[in-house]
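Novice: Fold the following.
(one chain, ligands or ions: 2)
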Amino acid sequence: MHPYHPPYGRMRPPHAWPPASAYPHVPPHSMPDRKMPPPLFRDADQFMKNLRMALVGERSAIAFYRRLLDMAPNDEHRKQIEHAYEDEKKHYRMFENLYIRLTGRRPDVKPMTVTFATYEEGLKKAFYDELEAAELYRDTQLLTRNKAIRDIFYEAMTDEMEHAARFSFIYHQL
Ligand SMILES: [Fe+2]
Ligand SMILES: [Fe+2]
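Specialist: Ligands and ions are numbered 1, 2, ... in the order given. I've put the predicted structure just below:
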């Protein structure tokens with residue numbers, strides 16, 4: 001009987017199949033190992049670096065927008081800035097939870113102070129920060145195959161794109 005074919009009529013259970021070495025034409029590494037999940041990240045170090053940058057960015061934006069809110073000249077400006085401000089708080093919570101899930105530790109985040117001389121300059125800075133954040137989150141998404149982690153960065157990315165539009169809108173209302 002040909003060794004590659006189980007006997008007809010009575011199929012042998014898998015544990016009784018001949019060992020992989022009985023199939024010399026199949027290189028062992030071409031057999032998928034079902035016990036090994038695919039790696040979570042393409043580049044785990046880069047992912048964690050980006051996640052820490054995201055945490056610092058969100059924390060800094062919260063303090064920055066709080067100050068802009070106090071300088072807003074009217075309700076339209078306040079409405080748009082407040083929307084971004086609330087979203088950044090949501091992003092910070094999402095990223096913090098993710099960080100805790102991945103490391104088992106709380107992140108140690110030191111916010112950076114955004115400096116600006118005038119309200120107008122502040123809006124401009126906010127606009128550019130939003131574009132940069134959207135790009136960082138796009139790049140970070142691409143570092144993982146995990147759907148739940150991708151979704152977090154996808155949501156934050158689209159929010160930042162929306163904030164950029166809001167800041168652009170009120171900047172041109174000045
Ligand atoms: Fe954000
Ligand atoms: Fe934002």
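
Novice: which sections of this structure are below the confidence cut-off?
Specialist: 1-37 (pLDDT under 70).

Novice: I'd guessed residue 54 sits against residue 156; true?
Specialist: Yes - counting by CB atoms under 8 Å, residue 54 touches residue 156, with 7.4 Å between them. C-betas here are computed from N, CA, C, even on glycine.

Novice: who's in contact with residue 81?
Specialist: 65, 68, 69, 72, 126, 166, 170 (CB atoms under 8 Å, 6 or more residues apart in numbering).

Novice: rerun at 10 Å
Specialist: 64-72, 122-123, 126, 163, 166-167, 170 (CB atoms under 10 Å, 6 or more residues apart in numbering).

Novice: what's the closest of these to residue 41?
Specialist: Residue 41 lies nearest to residue 163 out of these, by CB to CB, at 26.8 Å.

Novice: State the phi and psi torsions of the closest one.
Specialist: Note on residue 163: its backbone torsions stand at phi -60, psi -40 [degrees, to the nearest 10].

Novice: So which bits of this structure are right by ligand 1?
Specialist: Within the chain, the positions adjacent to ligand 1 are 58, 88, 91 by CB under 5 Å from the ion.

Novice: Just to check, the first one is in contact with residue 84?
Specialist: Same thing as residue 58. No - contact criterion CB atoms under 10 Å: residue 58 and residue 84 do not qualify, at 11.0 Å.

Novice: So what's the residue count around the one residue in the chain that gets nearest to ligand 2?
Specialist: Closest contact between the chain and ligand 2, by CB to the ion, is at residue 163 (3.7 Å). By other CB atoms under 10 Å, the residues close to residue 163 number 26.

Novice: Flag every buried residue along the helix or strand hosting residue 51.
Specialist: Element membership of residue 51 [criterion: DSSP states H and E] is helix 44-71. Of all the residues in helix 44-71, those buried under the rule 16 or more other CB atoms under 10 Å are 47, 50-51, 54-62, 64-65, 68.
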